[in-house]
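>>> Need coordinates for the below:
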Amino acid sequence: MSGFRRILPLLVTLLAMTLFFASNIWAQVTEQDLHDFDSTGNQGQSTLLQDSTGRLFGTTYTGGNLNCGFSEGCGTVFVLHQVAGAWGYTRLYTFHTTTEGLEPRGNLVFDAAGNLYGTTASGGGAAFPGTVFKLTAPGSGRSTLTNIHVFGGSGDGTVPWGGLTIDASGNLYGTTRSGGAHSKGTVFKLTPSSDGSWSESVLYSFGASSSDGNQPMVTVTLDTAGNIYGTTEFGGTKNFGTVFQLSPNSSGGWTETVIHSVTNNEWPYPVSPILIGATGKLYGSTSGGAFQRGEIFELAPGVGGTWTEKLIYTFNGTPSDGSGPEGPLVLDSAGNFYGTTVSGGLSGLNNGTVFQLHPNSDGAWSEHVVYSFAGGTDGIEPEAGITFGRGGAMFGMTVAGGTQGQGMIFQITP
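As a prediction, the model looks like this:
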């Protein structure tokens, strides 16, 4: 018994170390530059989309054809593919004119046939209202682009700043920052027909009342019951933004509920899509907060349609902490959140971070900075979220930095 007592402290220490390193798998990481953007495509602002073969698809906000009518280039769609351990970069499509489409910045989605869909924030016509486009399934040849909707018709939205969400039937959903019945943005749906055409319906126009939200800047999230969740950057009772729910009603339309209106003493200006957790809780990020560096929030459903808000992390402005979470949050199988900040990190260099939030046994959350961007030839300002690949690797993009100073695609490996 005395021998067991002597080794008990060692066993406890080893167990504590095991738990520590299990919860801090990202304590030691390797970052790799997979591609440096240049004038042929730059400012990657979309979260990368991965297919079943491991290829990564994304957009560049500018670059490509510098003679398209916009001096910085109208943007591109690209694929990153791995051959014999090396990564290759191919432009699938370059936007040729501003009337075709300009500034693709939202996320892409696949349909069941492997076709890609995305949005351009402007272009598409003389007033630059924005578009939704389709790219034929990427194969060995060049993809063909078709605009399946150009915004700006009567009562329609304009400026689809966020990307798209697709449901099991192949319908596409998204938001516009402006336009609609009250000129304060919309939620839209695009429905495919058997002849290949698409029909658009405006599910909701923001600004119907003084307390309603306005200017949604990110795409929406669908739950299994068919409800739609999202955020608006402004509007609400204090004009600091809202979290909303759209639910199908018996008349065939949609009913909006502002499930949370942000006040000035909590977390102003929601800027990320809503993430639905395993228990139905909603999560997202804001650009304000106690230190004006951003916060991560939780909304828990209650009885009678009520929701309870909780701040689970406030970026605190310390020299190593991140600042400005803008991309979507990602949830892993262990219940940890991952995301990016556009600035902060690495002893005040202020080039941005990749972070992890993990739940504690007491219900609180702890943050770990997975990686701080060093600037220079390293990336600067990761605006998009991260994408998990094989073996736990994370992939993402920055809008600046890299060897050409125009952004890069990175991989972080534990």
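
>>> which residues touch the spatially closest residue to Gly288 that is not a sequence neighbour?
Excluding its sequence neighbours, the residue lying closest to Gly288 (C-beta to C-beta, 6 or more residues apart in numbering) is Pro268, at 3.6 Å. Backbone N, C-alpha and C define where each C-beta goes, glycine included. Pro268 makes contact with Lys238, Phe240, Gly241, Val262, Thr286, Ser287, Gly288, Gly289, according to C-beta atoms under 8 Å, 6 or more residues apart in numbering.

>>> What's the local residue count around Ala364?
As a burial measure, Ala364 scores 9 neighbours (other C-beta atoms under 10 Å).

>>> Report whether the expected contact of Gly88 with Phe78 is present.
No. Between Gly88 and Phe78 there is no contact under C-beta atoms under 8 Å: 10.6 Å.

>>> More neighbours: those two, which one.
Phe78 (24 against 12).

>>> any chance you could map the helices in this structure?
Here the chain has its helices, by DSSP state H, at 2-23.

>>> Can you pull out the low-pLDDT segments for it?
1-27, 140-141 (pLDDT under 70).

>>> okay, the contacts of Pro268 in TSV with distance to Asn350 and neighbour count next?
Output for these, formatted as TSV (distance: C-beta to C-beta, whole Å; neighbours: other C-beta atoms under 10 Å):
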residue	distance to Asn350	neighbour count
Lys238	29	16
Phe240	25	22
Gly241	25	28
Val262	26	28
Thr286	19	24
Ser287	16	21
Gly288	18	20
Gly289	17	24
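
>>> Can you flag which of these belong to strands?
If you go by DSSP state E, these have Thr286 in strands.

>>> Tell me how far Ile386 lies from Ala278.
20 Å (C-beta to C-beta, to the nearest Å).

>>> roughly how far apart are Thr47 and Phe410?
From Thr47 over to Phe410 the distance is 13 Å, taken as C-beta to C-beta.

>>> and what of Leu329?
In this view, Leu329 and Phe410 are 18 Å apart by C-beta to C-beta.

>>> Hmm, Thr353 is touching Ala374, no?
No. The criterion here is C-beta under 8 Å, and Thr353 misses it with Ala374 at 11.1 Å.

>>> who touches both of the two?
Shared contacts of Thr353 and Ala374 (C-beta under 8 Å, 6+ apart): Leu346.

>>> ok, these two, which is more surrounded?
Ranked by neighbour count (other C-beta under 10 Å), Thr353 and Ala374 place Thr353 first, with 26 against 15.

>>> Next, the contact list for the residue nearest to His182 when sequence neighbours are not counted, please.
Excluding its sequence neighbours, the residue lying closest to His182 (C-beta to C-beta, 6+ apart) is Gly207, at 3.2 Å. In this structure, Gly207 makes contact with Gly180, Ala181, His182, Ser183, Lys184, Gly185, Asn214, Gly235, judged by C-beta under 8 Å, 6+ apart.
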